[in-house]
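**Student:** Pasted the sequence and its predicted model underneath.
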Amino acid sequence: MTTIRFSRLSLACLVSAGLCTVVTPLSAQQGVLLGDVVRDAAWQEETRLAQRLQEVLTNPQQGSALAGYGADALTAITPGQVISGILERNLSLANGRIDRDLAARARDEAKAVFDPVLQLDVGVSLEDSSERTLTGSVLAKVFYPQYTDPETGNLANPGEIILPEEAQQATNVERIIFTNLTEESEIRDDETIYASQEDPNGAQTVLNFTAGISQLTPWGVSYQMSATSTYREVFYDDDGHSFDAPWATELVFDMQVPVLNDVGSDATASLASRLANLEQKRQAWLLESNINGLLMEGISAYLTLLGSAGQLDLALRNQRLSEAQLQVTQRRFNSRTATAYELAQMQGGVSAARVSVAAASAAYVQASANLLALISKDSAGLQNRLLLPQGYRAWLQRSALDSSAQEARDSALANRPVLQAGMVALAQAEMRERNARLQARPDLTLSGGASLEQDASVYGYDSIFSSWANVLEPDSSTLRFGAQYVYSLGNRAAKARSNAATAGREDAALAQDQLRRLVVQEVNNAVNALHSAVQNRRLSAETLAAATAAWDSIARRSANGTATQLEVVQALSELQQARLGELNAQLDVRAAEAALLAAQGIFERRAAGWLARNDFERSRMAMLAASGDLQFFLRAPEDAAQ
């Protein structure tokens, strides 16, 4: 009887039909060792999987895809790290954040059109004028003054003025005599005489202070209001005397109200801001849709990595068992208890196992690279790294999502971000159509205004504050009213824009209807896939239970020395295959569940819990996710770090 000692390795499926014909019974010691191997070899255990991969990286098989990686290439990664890596380092999400922020800035800019505009003006002017007038024409003659003697009453000599006695006493002057006078008249030609008079007080200084406000409302109504205060000192004589009341104020108000065209909530004035507001919401929905898609892609890549790691572990176990069986067969062949055909069969099995290891290694390396590409910012993060799945057992063993097709469809129609974005796009198209129809109407605009003016050409107010206080008691007031009607003959341009807007709205509605149908079909497929995966997992669990019971029976027989090596290997193969089938079934359930959550547009809410670092964060994120508040997903990485 041949004795075989196995190291404490997890075994995998080796023997296919007719691959091994060994019938040598096992010793009791061998049975105990193999039973110990099975009890220790829950290959799905995370620590054992890490040890297996570390061993193969330390001593890689020649020609294997793992040969280029060092023993320190393994990097553990959990589902939560996949989620956070995608959110923080994925470039497409970074672009989505930028698009969302740009849309928000455009919305703020469009809304700023309706902000009131304040205008303040200060001016100084110097006013100076000269009056030039035509005064008339005169006839120039020689002057012959002749006055009466105040004492005698007779005429005095020509050219003499005899002063009264009182004047003589006061001035000591008796008379005034004009000399160089002749008795002949000196006649001149008639002449036109002009007179020019300047203000004796000099140029007038005038100060103007204007404060105004204007605003365009979202309904198309606009208004302007201004108040102008003037400082001008008015002199009432040529000696610089004034009333000390130099201030006057004029208040002006004007308003334009469109009546038929471009008025109301769909007016052109508010169209840009309303479209920008909807665009900001649409970009936010698209970003959330991108988050859902990337998280779904990341979890799918993680499940693929987990499955490929399990397949690699299975292939490694298969290879080691095949090599051990080859050694047994070689010794039996040397002792002439095995045929050359049996030896060739075992050698072929070893070669096939090595090929399986090479294929599984390549698949594992590719799965790791795919996941790294999703969570790495640059190519430096992809160099000489292999990802090792960790922290997944609780997730895999959790019960499947329980959701009916109708509930899933209702949830998708209410929550799917791409549908919400489509609804916003449809609302934008409807808004453009209403505005285009409004523009096709005749244009009737009513205008009105009023002005209150303080004169102050003679008398104003002593201070600017007094002038403002009495601005509603003006010296003069004016009311203005008007109406303007404009309509293009034929109005072909406006009608063409209206027809184009209607076509755009119909196109958006059709696209939204098609999208709804696709989402419903996607949800139905996801529900069916989940139900199939759950059923398959139940069958896999039953298969595993049967394989475990069979192994327990073989283990008892091997302990008594009544089981052959072939029986033990076949039982181990069936057990390991059942375990692999159960893992694949669990992975299928999680993949189908993720697909259903993504189809409903709520995958990021389930993924929120994976980001939590403790129970408090897990509870907080669950509450935020339940209310639809996903700001922790939409923050930039530097904000999240704070």
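**Tutor:** Sure, I can see it. Numbers count the residues shown, from 1 in each chain.
**Student:** what's the distance between the most centrally placed residue in the chain and residue 111?
**Tutor:** By Cα atoms, centre = their mean, the chain has its centre lying nearest to residue 100, at 1.8 Å. Residue 100 is 17 Å from residue 111, where distance means Cβ to Cβ, to the nearest Å. Heads up, the C-betas are built off the backbone N, CA and C, glycines and all.
**Student:** picking up where we left off before, host element of the residue nearest to the centre of the chain?
**Tutor:** helix 91-111 (DSSP states H and E).
**Student:** Now that helix - C-alpha only, CSV.
**Tutor:** C-alpha atoms of helix 91-111 as CSV (Å, rounded to 0.1, in the frame of the first residue of the first chain):
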residue,chain,number,x,y,z
LEU,A,91,-11.7,61.4,-14.6
SER,A,92,-15.1,61.2,-16.1
LEU,A,93,-16.7,62.1,-12.8
ALA,A,94,-14.3,65.0,-12.5
ASN,A,95,-15.5,66.2,-15.8
GLY,A,96,-19.1,65.7,-14.7
ARG,A,97,-18.5,67.8,-11.6
ILE,A,98,-17.1,70.6,-13.8
ASP,A,99,-20.1,70.5,-16.2
ARG,A,100,-22.4,70.7,-13.2
ASP,A,101,-20.5,73.6,-11.7
LEU,A,102,-20.4,75.4,-15.1
ALA,A,103,-24.1,75.0,-15.4
ALA,A,104,-24.6,76.5,-11.9
ARG,A,105,-22.4,79.5,-12.8
ALA,A,106,-24.4,80.0,-16.1
ARG,A,107,-27.6,79.9,-14.1
ASP,A,108,-26.3,82.5,-11.7
GLU,A,109,-25.1,84.7,-14.6
ALA,A,110,-28.5,84.5,-16.3
LYS,A,111,-30.4,85.4,-13.1
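**Student:** Could you find the closest non-adjacent residue to residue 448?
**Tutor:** Using Cβ to Cβ, 6 or more residues apart in numbering and skipping the chain neighbours, the partner closest in space to residue 448 is residue 481 (5.0 Å).
**Student:** which residues touch the strand or helix carrying the one you found?
**Tutor:** In this assignment (DSSP H and E), residue 481 forms part of strand 476-486. By Cβ atoms under 8 Å, 6 or more residues apart in numbering, the residues outside strand 476-486 that reach it are 254, 442-453, 455.
**Student:** switch to 10 Å and redo it
**Tutor:** The set of residues external to strand 476-486 that reach it, using Cβ atoms under 10 Å, 6 or more residues apart in numbering, is 250-254, 256-261, 442-455.
**Student:** Return the backbone torsion pair for residue 337.
**Tutor:** phi -110, psi 0 (degrees, to the nearest 10).
**Student:** wait, isn't it in contact with residue 343?
**Tutor:** No. Residue 337 lies out of contact with residue 343 (Cβ atoms under 10 Å); the separation is 11.1 Å.
**Student:** just the strands in this protein please.
**Tutor:** Taking DSSP state E to define them, one finds strands in the chain at 74-77, 117-127, 130-138, 160-162, 175-177, 191-198, 204-216, 222-232, 247-258, 386-389, 443-453, 476-486.
**Student:** quick one: which of those strands has the weakest pLDDT on average?
**Tutor:** The minimum mean pLDDT among the strands of the chain belongs to strand 130-138 (a mean of 53).
**Student:** re earlier: quick check: neighbours shared by residue 337 and residue 343?
**Tutor:** Common neighbours of residue 337 and residue 343, counting by Cβ under 10 Å, 6+ apart, are residue 329.
**Student:** Comparing the two, which shows the higher neighbour count?
**Tutor:** residue 343 (16 against 13; other Cβ atoms under 10 Å).
**Student:** burial measure for the nearest residue to the more buried one once chain neighbours are set aside, as a count.
**Tutor:** If the residues on either side of it in the chain are set aside, residue 343 comes closest to residue 333, at 4.7 Å by Cβ to Cβ, 6+ apart. Neighbourhood size, residue 333 [other Cβ under 10 Å]: 17.
**Student:** Please renumber the chain so that the first residue is 30 from this point on.
**Tutor:** Sure, I'll start counting at 30 from here, so that last one is residue 362.
**Student:** How about the contacts made by residue 362?
**Tutor:** Contacts of residue 362 (Cβ under 10 Å, 6+ apart): 355, 368, 369, 371, 372, 373, 375.
**Student:** Neighbour-wise, which one of these leads?
**Tutor:** That'd be residue 375 among the contacts of residue 362, by other Cβ under 10 Å, with 26 neighbours.
**Student:** end-to-end on stretch 465-474?
**Tutor:** 18 Å (Cα to Cα, to the nearest Å).
**Student:** Just the residues contacting it, thanks.
**Tutor:** So stretch 465-474 is in contact with 249, 285-297, 300, 511-517, 520, 522-531, 533-534, going by Cβ under 10 Å, 6+ apart.
**Student:** How much space separates the residue nearest to residue 372 from residue 617?
**Tutor:** Taking Cβ to Cβ, one finds residue 362 at 43 Å from residue 617.
**Student:** what do you get for residue 272?
**Tutor:** From residue 272 across to residue 617, the span is 100 Å (Cβ to Cβ).
**Student:** Between these two, tell me which one has more neighbours.
**Tutor:** Comparing residue 272 with residue 617 by other Cβ under 10 Å, the one with more neighbours is residue 617, at 20 against 14.
**Student:** List the contacts of the more buried one.
**Tutor:** For residue 617, the contact set (Cβ under 10 Å, 6+ apart) comprises 332, 336, 558, 559, 561, 562, 563, 565, 566, 569.
**Student:** Which one (most neighbours) among these?
**Tutor:** residue 559 (25 neighbours).
**Student:** tally of neighbours for the closest residue in space to that residue that isn't next to it in sequence?
**Tutor:** Once flanking residues are discounted, residue 559 sits nearest to residue 621: 4.1 Å by Cβ to Cβ, 6+ apart. For residue 621, the neighbour count with other Cβ under 10 Å is 24.
**Student:** Please apply the same query to residue 275.
**Tutor:** Residue 275 has 22 nearby residues by other Cβ under 10 Å.
**Student:** And it, how far from residue 233?
**Tutor:** 10 Å.
**Student:** Common neighbours of the two, please.
**Tutor:** When contacts are counted by Cβ under 10 Å, 6+ apart, residue 275 and residue 233 have 261, 262, 263 as shared neighbours.
**Student:** Name the nearest of these relative to residue 635.
**Tutor:** Closest approach to residue 635 among these (Cβ to Cβ): residue 261, at 77.1 Å.
**Student:** Okay, the nearest residue to the closest one once chain neighbours are set aside and residue 275: tell me how far apart.
**Tutor:** By the measure of Cβ to Cβ, 6+ apart, the closest residue to residue 261 outside its immediate chain neighbours is residue 235, 4.8 Å from it. Using Cβ to Cβ, residue 235 is found at 9 Å from residue 275.
**Student:** So for the two, which residues contact both of them?
**Tutor:** 259, 260, 261, 262.
**Student:** Now for the last one: which residues touch it?
**Tutor:** This points to residue 262. Contacts of residue 262 (Cβ under 10 Å, 6+ apart): 230, 233-235, 269, 271-276, 485, 489.
**Student:** Run a quick neighbour tally on residue 622.
**Tutor:** Count around residue 622 with other Cβ under 10 Å applied: 22.
**Student:** what's the pLDDT at it?
**Tutor:** 86.
**Student:** likewise residue 664?
**Tutor:** So residue 664 comes in at 44 (pLDDT).
**Student:** Ok, residue 556 next?
**Tutor:** Reported pLDDT for residue 556: 90.
**Student:** Any chance of a PyMOL selection covering the buried ones in the contacts of strand 505-515?
**Tutor:** To isolate the buried ones among these in PyMOL, judged by 16 or more other Cβ atoms under 10 Å, type:
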select buried, resi 279+280+281+283+285+286+287+290+472+473+474+478+480+481+482+483
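**Student:** quick revisit: tell me the angle of the strand holding residue 510 relative to strand 276-287?
**Tutor:** 20 degrees (axes from the mean of the first three to the mean of the last three Cα atoms, to 10 degrees).
**Student:** Run the angle between strand 505-515 and strand 472-482 for me.
**Tutor:** Going by the same axes, to 10 degrees, strand 505-515 makes 170 degrees with strand 472-482.
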